[in-house]
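Participant: Give me a 3D structure for the following:
(one chain, ligands or ions: 1)
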Amino acid sequence: MHDAAGDYAHIRDRLDRPGTSRLSQDLKFGTVSVRTVWRTVVRALGDDRSRHAFENQLLWRESAHSILWERPDVLRRPFRADFAGFPYREDEASYEAWVSGHTGYPVVDAAQRQLLSEGFVHNRARMIAASFLTKHLLIHYQKGEAHYLKYLVDGDWAQNNLGWQWSAGSGCDAQPYFRVFNPVTQGERFDPSGDYVRRWVPELERLPTPAIHAPWKAKESLLEAHGVRLGRDYPKPIVEHGFGRERFLQIAQSYLGKRR
Ligand SMILES: Cc1cc2nc3c(=O)[nH]c(=O)nc-3n(C[C@H](O)[C@H](O)[C@H](O)COP(=O)(O)OP(=O)(O)OC[C@H]3O[C@@H](n4cnc5c(N)ncnc54)[C@H](O)[C@@H]3O)c2cc1C
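Facilitator: Have a look, this model is predicted:
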């Protein structure tokens with residue numbers, strides 16, 4: 001137990017390594033109780049950094065259930081009142097590209113394909129994919145929330161809603177709305193070997209690691225040598241990162257600014 005859990009604080013965010021407990025579906029359905037998990041971890045790890053990191057995640061879970069208990073309306077509207085009526089876009093083609101894992105951003109596509117294939121997505125990848133949908137594509141978090149709830153084996157009203165509203169910036173104790181994840185640097189940082197992308201986006205599996213999170217920046221000759229024709233085997237990005245980020249920030253600043 002100590003060996004597996006002792007590294008939790010260091011590798012829990014790594015997409016390319018099995019560094020988390022994978023207990024979410026058992027906790028969701030009660031096949032193991034949260035008290036049993038808590039006690040086992042305390043006994044195994046003592047006063048270890050990983051113990052505290054793991055407890056914090058269990059506390060996020062408790063906090064999600066407590067928010068839903070106090071504010072059941074969060075399932076219908078944003079926790080933060082100033083986000084009500086936020087001008088999200090209707091863009092079915094982009095939404096479908098996100099759902100099926102064809103946005104052209106490898107780490108986002110890996111997350112989305114892992115969801116459809118396994119019914120599970122690593123927490124970091126959930127955050128990256130949710131940020132991309134709500135900020136780069138400016139599509140309503142409720143569409144992503146419903147899609148995740150449909151496919152996740154740990155799908156839970158409280159935790160899923162907390163995760164989506166946290167990512168969109170509209171939740172209780174959410175990440176600030178102006179923080180927009182860059183899907184390329186997130187991929188490079190949390191999937192440094194590129195193996196998470198290789199596993200779920202096989203079109204790119206032969207690409208060398210420095211090119212795997214932003215294939216459109218690689219030379220055509222390098223892509224060709226590794227069997228990738230952008231726009232045919234794998235899409236070009238459906239939205240440019242800088243453009244998507246600025247569009248979101250301008251709309252959010254003007255909408256939220258007027259409502260404060
Ligand atoms: C957009 C989005 C949607 C999410 N939807 C769900 C969902 O429907 N069901 C669900 O159980 N979790 C959800 N989460 C939280 C988290 O992603 C998963 O609990 C975690 O990935 C499960 O893997 P694990 O059991 O290996 O986690 P570990 O890292 O081993 O964590 C241990 C336990 O703590 C709880 N936990 C961990 N992280 C969180 C978190 N950020 N918020 C709340 N509880 C947490 C889970 O019960 C988890 O099993 C969501 C997060 C985001 C960003």
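
Participant: Check what pLDDT the closest residue to the ligand within the chain gets.
Facilitator: Residue of the chain nearest the ligand, by C-beta to the nearest ligand atom: residue 163 (2.4 Å). The way it works is simple: take the backbone N, C-alpha and C, and place the C-beta from them, glycine included. For residue 163, the model assigns a pLDDT of 98.

Participant: what about the closest residue to residue 209 other than its chain neighbours, how many neighbours?
Facilitator: Take residue 209 and drop its neighbours on the chain: the residue closest to it by C-beta to C-beta, 6 or more residues apart in numbering is residue 194, 4.4 Å away. If you count neighbours by other C-beta atoms under 10 Å, residue 194 ends up with 25.

Participant: Next, count neighbours for the nearest residue to residue 153 once chain neighbours are set aside.
Facilitator: What sits nearest to residue 153 in space, not counting adjacent residues and going by C-beta to C-beta, 6+ apart, is residue 119, at 3.9 Å. Using other C-beta under 10 Å, residue 119 is surrounded by 14 other residues.

Participant: follow-up on the earlier one: which residues sit in contact with the residue nearest to residue 209?
Facilitator: 16, 207, 209, 212, 213 (C-beta atoms under 8 Å, 6 or more residues apart in numbering).

Participant: Just the buried ones from those?
Facilitator: 16, 207, 212, 213 (16 or more other C-beta atoms under 10 Å).

Participant: These: which two are farthest apart?
Facilitator: Farthest apart among the buried ones among the contacts of residue 194 by C-beta to C-beta are 16 and 207. That separation is 14.5 Å.

Participant: per-residue pLDDT, the residue nearest to residue 209?
Facilitator: Value for residue 194, per-residue pLDDT: 98.

Participant: now swap in the one 4 residues further on and tell me
Facilitator: The predicted structure scores residue 198 at 98 on the pLDDT scale.

Participant: correct me, but it touches residue 204?
Facilitator: Yes. The criterion here is C-beta atoms under 8 Å, and residue 198 meets it with residue 204 at 6.8 Å.

Participant: Which one of those two is surrounded by more residues?
Facilitator: Neighbour count, other C-beta under 10 Å: between residue 198 and residue 204, residue 204 has more, with 23 against 19.

Participant: pretty sure that one contacts residue 197?
Facilitator: Yes. Taking contacts as C-beta under 8 Å, residue 204 lies within contact range of residue 197: 6.0 Å.

Participant: Need the residues touching each of these two.
Facilitator: 106, 212.

Participant: which outside residues touch stretch 104-114?
Facilitator: Contacts of stretch 104-114 (C-beta under 8 Å, 6+ apart): 15, 98-103, 120-122, 125-126, 128-129, 132, 183-184, 186-187, 190-191, 196-197, 199-201, 204, 212-216, 234-238.

Participant: Narrow these to those in helices?
Facilitator: Under the assignment DSSP state H, these contribute 98-100, 125-126, 128-129, 183-184, 186-187, 190, 196-197, 199-200, 212 to helices.

Participant: which of those residues come close to the ligand?
Facilitator: residue 126 (C-beta under 6 Å from any ligand atom).
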